[in-house]
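*Asks:* 3D, please:
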Amino acid sequence: MIMNLYRYYLLLVLFCCTAVHFVAQERYEFSRPLMGMAFRIVIYSEDASVAKKASESAFDRVAVINAIMSDYDPSSELSKLSDLAGSGTAARISNDLFQVLQSGQILAGKSNGAFDVTAGAVTRLWRRARSLKRVPPEDVINNAKNSSGFRHLKLNKSQKTAELFKSGMRLDLGGIAKGYALDEALKLLRNNGLPRALVSAGGDIVAGEPPVGKQGWKIALLGLSDSKTEYIWLKDCAVATSGDLFQFLELEGKRYSHIIDPRTGMAISEQRLVHVLAPNAMLADSLATTISVIGQKKGLLLVAGDTRLGGRVAFRNKFGQVEEVSNQVFQTWPRVAE
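*Replies:* Below you'll find the model as predicted:
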């Protein structure tokens, strides 16, 4: 009898002690303008001050990455590296910059240059064209293209150095740096004991563990048509969107996207909207950009055979009608029931 009472008392104590840990988590949301867009963080936490402090640290981390990788800032590490192009100097670079350049070079090889971080001269040219509302002359485009080429960027992993062999070469990480920044922000939140978090910016999202009791984070995927929106569940992975729904130049009835094909030096003229699901935002971001360049047939081959990668491309056919193609992973991804 005494032993039974003791066991009952012990179970009661254990239950009470365990119950202390099940404090309700509240949703906290923060935002800050960074990298030319709004970065948004959503956190589930038991403590508002912990959530706020961690989000500020995550935003600060993104600001550091931007200071390293911005091609708009002449004092950034990226710009200073570009300034050395053709000088014969192999510059020692930060681990952050090396990781992004290395990932970019891998994808450049797989896509035969459809993704190319060395095409900064071309992208700068088209930025100016959009502001002037004027397509660059063909000879100017060719000159910019000739100063690019991923095979003329050499990385040394053991020395953490980078060398640009062509004079006039400029680096542009517009299709990959944002994804890296999102990953680093989520990593910092996790390291601060906040695994139930989501970070988004410019149409790209990386998600950690879902809110308690949820299958995942409910994410809206816009379609090429205004009426086409669907919702998926996202957890411990990322989704990236690439397209020209809002950023394009239209001249003499022809549409020019803000997305540039580094191989031709021309802006993409076919309207496409790409979604990529991947284990991390950097991979999703860069793949979405690449698929936007090479189109649906070749693009989906980049995500074929990998059960971690989902891809969908919406495009307009020659009759102006919207069509969609996607791989098996995207087709079977968990949807939110309406």
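*Asks:* so what sits opposite residue 325 in the bridge?
*Replies:* Counting by DSSP bridges, residue 325 forms beta bridges with residue 313.
*Asks:* that one and residue 123: what is the separation?
*Replies:* 27 Å (CB to CB, to the nearest Å). All C-beta spots, glycine's among them, are computed from the backbone N, C-alpha and C.
*Asks:* give the residue from these two that has the larger number of neighbours.
*Replies:* More crowded of residue 325 and residue 123, by other CB atoms under 10 Å: residue 123, with 22 against 15.
*Asks:* hang on, isn't the more buried one packed against residue 174?
*Replies:* Yes: under the criterion of CB atoms under 8 Å, residue 123 makes contact with residue 174 at 6.6 Å.
*Asks:* backbone dihedrals for residue 302, please?
*Replies:* phi -70, psi -30 (degrees, to the nearest 10).
*Asks:* again but with residue 34, I slipped
*Replies:* phi -150, psi 150.
*Asks:* could you do residue 301 as well?
*Replies:* Backbone torsions for residue 301, taken as degrees, to the nearest 10, come to phi -70, psi -30.
*Asks:* state the number of residues packed around it.
*Replies:* Residues lying near residue 301 (other CB under 10 Å) number 15.
*Asks:* distance check, it against residue 261.
*Replies:* Distance from residue 301 to residue 261, counting by CB to CB: 17 Å.
*Asks:* could you tell me how far stretch 219-234 lies from the centre of the chain?
*Replies:* A distance of 18 Å separates the centroid of the chain from that of stretch 219-234, by CA atoms, centre = their mean, to the nearest Å.
*Asks:* can I get that stretch in PDB, CA atoms only?
*Replies:* Output of stretch 219-234 as PDB, limited to C-alpha atoms (Å, rounded to 0.1, in the frame of the first residue of the first chain):
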ATOM      1  CA  ILE A 219       2.300  29.000 -48.100                       C
ATOM      2  CA  ALA A 220       0.500  30.600 -51.000                       C
ATOM      3  CA  LEU A 221       1.900  30.000 -54.500                       C
ATOM      4  CA  LEU A 222       0.700  32.600 -57.000                       C
ATOM      5  CA  GLY A 223      -0.100  31.600 -60.600                       C
ATOM      6  CA  LEU A 224       0.600  33.300 -63.900                       C
ATOM      7  CA  SER A 225      -3.100  34.000 -64.000                       C
ATOM      8  CA  ASP A 226      -4.500  36.400 -61.400                       C
ATOM      9  CA  SER A 227      -7.200  33.800 -60.300                       C
ATOM     10  CA  LYS A 228      -4.700  31.000 -59.900                       C
ATOM     11  CA  THR A 229      -3.400  30.600 -56.300                       C
ATOM     12  CA  GLU A 230      -2.800  27.400 -54.400                       C
ATOM     13  CA  TYR A 231      -1.600  26.600 -50.900                       C
ATOM     14  CA  ILE A 232       1.000  24.100 -49.800                       C
ATOM     15  CA  TRP A 233       2.500  23.000 -46.500                       C
ATOM     16  CA  LEU A 234       6.200  23.800 -46.000                       C
END
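*Asks:* list the contacts of that stretch.
*Replies:* Stretch 219-234 has contacts (CB atoms under 8 Å, 6 or more residues apart in numbering) with 198, 205, 207, 210, 215-218, 239, 241, 243, 245, 271-273, 275, 314-316, 322, 324, 333-336, 338.
*Asks:* same check on stretch 150-157?
*Replies:* For stretch 150-157, the external contacting residues (CB under 8 Å, 6+ apart) are 90, 98, 101-102, 104-105, 108-109, 113, 116-118, 161-166, 169, 171.
*Asks:* do that again at 7 Å, thanks
*Replies:* Identification of contacts with stretch 150-157 by CB atoms under 7 Å, 6 or more residues apart in numbering yields 90, 98, 101-102, 105, 108, 113, 116-118, 162-166, 169.
*Asks:* out of those residues, which end up buried?
*Replies:* Neighbour-count burial (16 or more other CB atoms under 10 Å) is assigned, among these, to 98, 101, 105, 108, 113, 116-118, 162-164, 166, 169.
*Asks:* closest to residue 54 among those residues?
*Replies:* Ranked by distance to residue 54 (CB to CB), the buried ones among the contacts of stretch 150-157 are led by residue 98 at 26.3 Å.
*Asks:* now the strands for the stretch 101-250 of the chain?
*Replies:* Assigned strands in the stretch 101-250 of the chain, in chain order: 153-156, 161-164, 197-201, 204-207, 217-222, 229-234, 237-243, 248-251 (criterion: DSSP state E, counting those that start in this stretch).
*Asks:* how about these in CSV, adding distance to residue 183?
*Replies:* Converted to CSV, the strands of the stretch 101-250 of the chain look like this (distance: least, CB to CB, whole Å):
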stretch, distance to residue 183
strand 153-156, 20
strand 161-164, 21
strand 197-201, 8
strand 204-207, 6
strand 217-222, 16
strand 229-234, 14
strand 237-243, 8
strand 248-251, 28
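*Asks:* between the ones you listed, which gets nearest to residue 45?
*Replies:* strand 197-201 (8.7 Å).
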